[in-house]
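> Coordinates only, no sequence provided:
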């Protein structure tokens, strides 16, 4: 399984926000990682819609975490960013044109594998990812200098 670029950027955004004090701008995050500001804006919208971050517009605005890093579950973030319910065409609830579906067991195996992957991620929070928060901040300072 490969996560989309949006999910990658979402996790990176959360790490950046968890390592910094106060509100941060899209420009700050994009600059620190050397990634597209436009792409990051879409990611921030999705994270805000999922209630993971708070986005404040205007002067003095920016992005902040909506909750403490220990309360932000990595599995939930991945679910918010990815279309995991329709991993393959024959997944339950999807449009299916595969002629072997009635006799094939692959769909159930893949659904189980995706669920095991997500269940593993459910064991971790953003706080777990940020083991050495001060080291993250140092790296970001260096990258933005």
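Perfect, I can see it now. The structure displayed is predicted, hence computed values, not measured ones.

> so where's this protein shaky on pLDDT?
Applying pLDDT under 70 to the chain flags residues 1, 85-89, 91-94.

> separation between the nearest residue to residue 101 once chain neighbours are set aside and residue 100?
Counting by Cβ to Cβ, 6 or more residues apart in numbering, the nearest residue to residue 101 once its immediate chain neighbours are dropped is residue 90, at 4.9 Å. No exception for glycine: its C-beta is placed from N, CA and C like everyone else's. Separation of residue 90 from residue 100 (Cβ to Cβ, to the nearest Å): 9 Å.

> And the contacts of the one helix or strand residue 47 maps to?
Applying DSSP states H and E as the criterion places residue 47 in helix 37-49. Outside helix 37-49, the residues that touch it by Cβ atoms under 8 Å, 6 or more residues apart in numbering are 5-6, 9-10, 13-14, 26-27, 29-30, 53-55, 63, 77, 80-81.

> which other residues reach the following helix or strand past that helix?
Proceeding N to C from helix 37-49, the next assigned helix or strand is strand 53-56, under DSSP H and E. Strand 53-56 has contacts (Cβ under 8 Å, 6+ apart) with 13-14, 17, 23, 44-45, 47-48, 61-66.
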